[in-house]
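# please work out how this folds:
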Amino acid sequence: MPNSTRGAEWDGAAARPFTIAIPDSTLDDLRERLSRTRWPDQVDGATWEYGTDLAYLRELCAYWRDRYDWRAQEAALNGFRQFTARVDGIDLHFIHEPGEGPNPRPLPGTDEAKFADRRAACCRALILRYERWESCAGIF
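The predicted model follows:
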């Protein structure tokens with residue numbers, strides 16, 4: 001396969017296994033920063049017209065700080081085969097799970113909001129290394 005695919009360069013390195021391992025100190029720091037949030041006033045009677053509803057955001061932050069089980073989510077995500085690959089100077093993280101059934105095809109998915117044009121080109125370069133694939137994100 002050529003090293004260049006639709007404007008992005010595959011840096012030649014094989015995909016490297018990846019495991020999520022967030023240090024306790026990082027989670028402690030996040031909880032501390034969430035605890036120190038300086039909340040603005042909310043316009044009387046306003047909810048989503050002026051942005052995120054303050055009561056909703058306070059509850060969401062309290063959930064992340066006090067009740068969200070970061071380690072359970074980390075373990076669940078680590079149940080998938082994850083990799084990184086360097087494409088066009090960018091390390092891309094992806095999950096690669098074998099398909100099932102008589103005609104399995106890769107189903108790449110990305111968070112489109114995270115991929116500007118350059119990152120989208122890099123994702124395409126990575127995905128197009130497969131002979132056949134389907135798109136669920138609509139950017140390929």
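# burial measure for the closest residue to W64 other than its chain neighbours, as a count.
If the residues on either side of it in the chain are set aside, W64 comes closest to L34, at 6.1 Å by C-beta to C-beta, 6 or more residues apart in numbering. Glycine gets a C-beta too; all of them are placed from N, C-alpha and C. By other C-beta atoms under 10 Å, 15 other residues sit near L34.
# surely L34 forms part of a helix?
Yes: the assignment for L34 is a helix, going by DSSP: H, G, I helix; E, B strand; the rest coil.
# on the pLDDT front, check it for me.
You'll see L34 listed with a pLDDT of 96.
# could you do the one 3 residues further on as well?
T37 is assigned 96 on the pLDDT scale.
# helix, strand, or coil at it?
The three-state assignment at T37 reads coil, by three-state DSSP.
# what about it, how many residues close to it?
Each residue near T37 was counted by other C-beta under 10 Å, and the total is 12.
# what about P17, is that helix, strand or coil?
Secondary structure for P17, judged by three-state DSSP, is strand.
# next, count neighbours for the residue lying closest to R81 once chain neighbours are set aside.
What sits nearest to R81 in space, not counting adjacent residues and going by C-beta to C-beta, 6+ apart, is H96, at 5.3 Å. The burial count assigned to H96 is 14, neighbours taken as other C-beta under 10 Å.
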